[in-house]
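> this one's structure only:
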């Protein structure tokens, strides 16, 4: 399975866009990129996923580079409630998600 | 739907005792996953079931851990005997067509073994 690399921590001002990067340089053609987040002490929450096209839903946007070696999760207007650990995961075959260490995002008032 | 339901939310037990954690997946989901989370090791996949059948238990740390899924609406994770190093938050998740919809996680069971 492709591994992912994320910065350990980031800050973002409340109301501004939060851009969380993820490198997955060993990704192969049929591997999906998923993003989850975990707010303190809660179970991880699905945010968004994509294969090669950019995706948007009510929570966030996912931008995947043309070569698919990296992606960016965008929270367009970060709020204090978006403070969480964000995980970028690549899913190959099967059903299993393997979580790395993620990025701890702190939204600052 | 009430989501994935785990019980108990908190469990404190003495070393050597048997501990049973319970999970009710979302109705209609056909895959179920047990994870363990600690500060040191992060989120670890312990075992997963597809259509009630264990598919991959390579993450189960040792024979003291066992998991069952007797039917589509219930799963248990048992630790016998428990040890202090088993203290962690245990999450259950379920899914239907994981690639399309991802997982839904429960709220977790915080286990403390003293």
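Looks like it came in fine. What you see is a predicted model; the values in this text were computed from it and never measured.
> what about the chain, any weak spots by pLDDT?
In the absence of a named chain, this looks at chain A. Residue ranges of chain A with pLDDT under 70: A:1-2, A:92-93.
> Please refer instead to chain B.
Using pLDDT under 70, the flagged stretches of chain B are B:1.
> Residue of it nearest chain A, please.
Across chain B, no residue is closer to chain A than residue B:105, which sits at 3.1 Å (C-beta to the nearest C-beta). Any C-beta I mention is one placed from the backbone N, CA and C, and that applies to glycine too.
> List the beta-bridge partners for that residue.
residue B:93 (DSSP bridges).
> For it, give me its contacts.
Each residue near residue B:105 by C-beta atoms under 8 Å, 6 or more residues apart in numbering or on different chains is listed here: A:43-45, B:4, B:35, B:91-93.
> Next to chain B, which bits of chain A? Give me the list.
Applying the criterion C-beta under 8 Å from any C-beta of the partner chain, the portion of chain A that neighbours chain B consists of A:32, A:34, A:36, A:41-46, A:49, A:87, A:91, A:94-101.
> same thing but 6 Å
Proximity of chain A to chain B is confined to A:34, A:43-44, A:46, A:95-96, A:99, A:101 under the rule C-beta under 6 Å from any C-beta of the partner chain.
> Need those in a markdown table (columns: secondary structure).
What follows is those, written out as a markdown table (DSSP: H, G, I helix; E, B strand; the rest coil):
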| residue | secondary structure |
| --- | --- |
| A:34 | strand |
| A:43 | coil |
| A:44 | coil |
| A:46 | strand |
| A:95 | coil |
| A:96 | coil |
| A:99 | coil |
| A:101 | coil |
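> The chain: strands as residue ranges?
I'll assume chain A. If you assign secondary structure with DSSP state E, the strands in chain A sit at A:9-13, A:18-23, A:32-38, A:45-50, A:55-56, A:61-64, A:70-75, A:84-91, A:103-108.
> please go with chain B instead
Under the criterion DSSP E, strands of chain B are mapped to B:5-7, B:10-13, B:19-24, B:31-38, B:42-50, B:53-56, B:65-71, B:74-79, B:88-95, B:104-105, B:109-113.
> any idea of the angle the third one forms with strand B:74-79?
Taking axes from the mean of the first three to the mean of the last three C-alpha atoms, to 10 degrees, one finds strand B:19-24 and strand B:74-79 inclined to each other by 160 degrees.
> which parts of strand B:19-24 are buried?
Of the residues in strand B:19-24, B:19, B:21-24 count as buried by neighbour count, 16 or more other C-beta atoms under 10 Å in any protein chain shown.
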